[in-house]
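Trainee: Pasted the sequence and its predicted model underneath.
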Amino acid sequence: LVYFLLRINLQLIQRLDTNSGGGVNQNNVATIRAKAANINNNNQLRANSIETIGNNIKEVEEQALQNRLVTLREEVTTMQKKVDDMKQRMEHVKSIQRSSSASAILGVGGVRSSTKQTNKQLNRHICTKDQETLQSNRLQKRFSEWWSHSACPDQVWMDHIDTLFADATSTSTTQQPYLVLDIGCNKGYTSADFLDALSPGTNMNPHTLVTAIRAIAKEDNTKFDRDGGVCNDSKKALNRDRSTVRDVEVHCFEPSPATYEMLKRAHTKLMPKEEDGGAKWFIHNKGLHGTNGEMSWHSACAHAVGDELCTIVDEGTSDAITVPVVTVDTFLEETYPSSSSELPLVHMLKIDAEGLDPAVLQGSMNVLTQNRAIMVMFEFNPGLSEKGDHPHGMWGRNGNPRVTLMEVTSWLDDIGYDCYLDTHLPDENEKNKGVLEAPGLYRITGDCMSKEPSVRGWANVVCASRKYGNVAERLLELATIVQT
């Protein structure tokens, strides 16, 4: 503005000078021009300074933004770590809640928290969504092809089970007999099957057992077990090795007094002498449960072998008989006392407990959380609680209390076990009708089965501790669909 006024002033002076014929002082004009030039220079300097200051401010602002960006990135990284840590904590809490929930459902106190095992020898296999879908589709198709394919499975995992067990314990410094707990022994075919697999030279097998049972029926002038087991158990192929004798202890638990007496007579016929070494078959007239005590059974259990009425009934039922029950942990502690807190190694824990399988598993808390059971086998039978007459059991819609298969297998997964649905493979007759190949096992653990299978009747589940890598890996190999 000053510069503008000076220029106007200079122009006025020049005009006056012209009009007056040069009467204006030229020195004043020169002075005014010099001042105008100086002001112009100062304005240019100010403009340069303003530009410099603007550039400096821009650089400072850019550096500040850069520093803030670095800070924000560090804060995001820290927050992500906190989120990941929180997720891990939540997974841990969920696993404890699942274990506590199972305990609460079964009414058993003193449950140990379930955490993932850190000493697993086989990594936990997790299915992709495609693998889960492929297996689910084949499983549902298999149920339509043969509704009872899991009720009477081929148990292909039994092949060379003696070698698997031997390899699993090869690094152990303590030698002990193969130990099998046959809970819900019924007519003893599972006991006979394992005695044949582990000590075939004993000559106790499903073939010899059914012969003894039929001889007892003839002696009593009655008939039972004409088919040799509901799944034709007596017709299973025998171990080709007919001479090897090993130290094996099989404990048969049968709560029905009538069936228990029949089993004792069969034992006398088949294994009258049990030396210090070799195979032994122990028969117990008791049941296994989640707590120690007694349970009521239908009066038919007292006199009828294999009677369908021989089921668990409500306490106080007229004419009911009472049978003692214990937990697996209590039985092992009392039968195999030790100065250490470690329970004996159970090679197979087989459970068929009239729908109370979850309770028996709960009563096995110590042996399972210690991973002192190499394998576990149990029956999933939701139909028992939905029967019109004498509904019972914990599976199914009317389970009392209700427990789902996915809850049980999830808990077993938490403590280090992989579980599978066992199956019957397509036979030649089916293949001739166009039935496609099917896997030996359907994997449940590791997101491989997202929902409970639609079982008609009952099904069998087999599990292996990941601690014994060779056994767990053998089961995984048989679940061929989840390997693709």
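Mentor: Looks like it came in fine.

Trainee: which residues of this structure fall in helices?
Mentor: Using DSSP state H, the helices of the chain run over 2-19, 26-106, 129-145, 161-168, 189-198, 206-219, 257-270, 328-335, 357-362, 365-369, 405-414, 428-432, 469-478.

Trainee: other SSEs contacting the third one?
Mentor: Contact partners of helix 129-145 among helices and strands, from 3 or more Cβ pairs under 8 Å, 6 or more residues apart in numbering; DSSP states H and E: strand 441-443. To be clear about C-beta, it is placed using only N, CA and C from the backbone, and glycine gets the same treatment.

Trainee: Contacts made by the strand it packs on with the rest, please.
Mentor: Applying Cβ atoms under 8 Å, 6 or more residues apart in numbering, the contact partners of strand 441-443 are 125, 127, 135, 138-139, 156-157, 418-423, 448-449, 453, 462, 475-476, 478-479, 481-482.

Trainee: how deep is the spatially closest residue to P426 that is not a sequence neighbour tucked in, by neighbour count?
Mentor: Nearest residue to P426, sequence neighbours excluded (Cβ to Cβ, 6 or more residues apart in numbering): V435, at 4.6 Å. Here the number of neighbours of V435 (other Cβ atoms under 10 Å) works out to 16.

Trainee: Please tell me how far V435 sits from E428.
Mentor: 10 Å (Cβ to Cβ, to the nearest Å).

Trainee: For L69, list the residues it contacts.
Mentor: Taking Cβ under 8 Å, 6+ apart as the test, L69 contacts no residue whatsoever.

Trainee: Please read off the pLDDT at it from the model.
Mentor: L69 is assigned a pLDDT of 71 by the prediction.

Trainee: next one: T174
Mentor: 67.

Trainee: cool, A102 as well?
Mentor: Here, the pLDDT recorded for A102 equals 45.

Trainee: List the residues that contact the most centrally placed residue in the chain.
Mentor: The residue lying closest to the centre of the chain (Cα atoms, centre = their mean) is D413, at 2.7 Å. Applying Cβ under 8 Å, 6+ apart to D413 gives the contacts R124, C419, T445, G446.

Trainee: neighbours around the third one, how many?
Mentor: When you say that, I think you mean T445. 26.

Trainee: Isn't it up against L421?
Mentor: No. T445 sits out of contact with L421 when judged by Cβ atoms under 8 Å, with a separation of 10.8 Å.

Trainee: returning to what we had before: may I see the PyMOL selection of the buried members of the contacts of D413?
Mentor: Entered in PyMOL, the line below selects the buried ones among these, by 16 or more other Cβ atoms under 10 Å:
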select buried, resi 419+445+446
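
Trainee: Which ones among the contacts of D413 map onto strands?
Mentor: Among the contacts of D413, the members falling in strands (DSSP state E) are C419.

Trainee: Format the contacts of D413 as a markdown table; extra columns: distance to D329.
Mentor: What follows is these, written out as a markdown table (distance: Cβ to Cβ, whole Å):
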| residue | distance to D329 |
| --- | --- |
| R124 | 25 |
| C419 | 20 |
| T445 | 23 |
| G446 | 27 |
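
Trainee: hmm, which two among the contacts of D413 are most spread apart?
Mentor: Maximum pairwise distance in the contacts of D413, criterion Cβ to Cβ, is 11.8 Å, between R124 and C419.

Trainee: Pull up the overlap in contacts between the two.
Mentor: Jointly contacting R124 and C419 under the rule Cβ under 8 Å, 6+ apart are D413, T445.

Trainee: and stretch 360-369, what's its mean pLDDT?
Mentor: For stretch 360-369, the per-residue pLDDT averages 98.

Trainee: try stretch 150-157
Mentor: Mean pLDDT, stretch 150-157: 94.

Trainee: any idea how far A300 lies from C310?
Mentor: Using Cβ to Cβ, A300 is found at 5 Å from C310.

Trainee: Looking only at neighbour counts, state which of the two leads.
Mentor: In this view A300 and C310 are compared by other Cβ under 10 Å, and C310 has more residues nearby, 24 against 16.

Trainee: wait, that one sits on W297?
Mentor: Yes. The pair C310 / W297 is scored as a contact, 6.7 Å apart, by Cβ under 8 Å.

Trainee: hey, what's in contact with both of those two?
Mentor: By Cβ under 8 Å, 6+ apart, the residues touching both C310 and W297 are S256.
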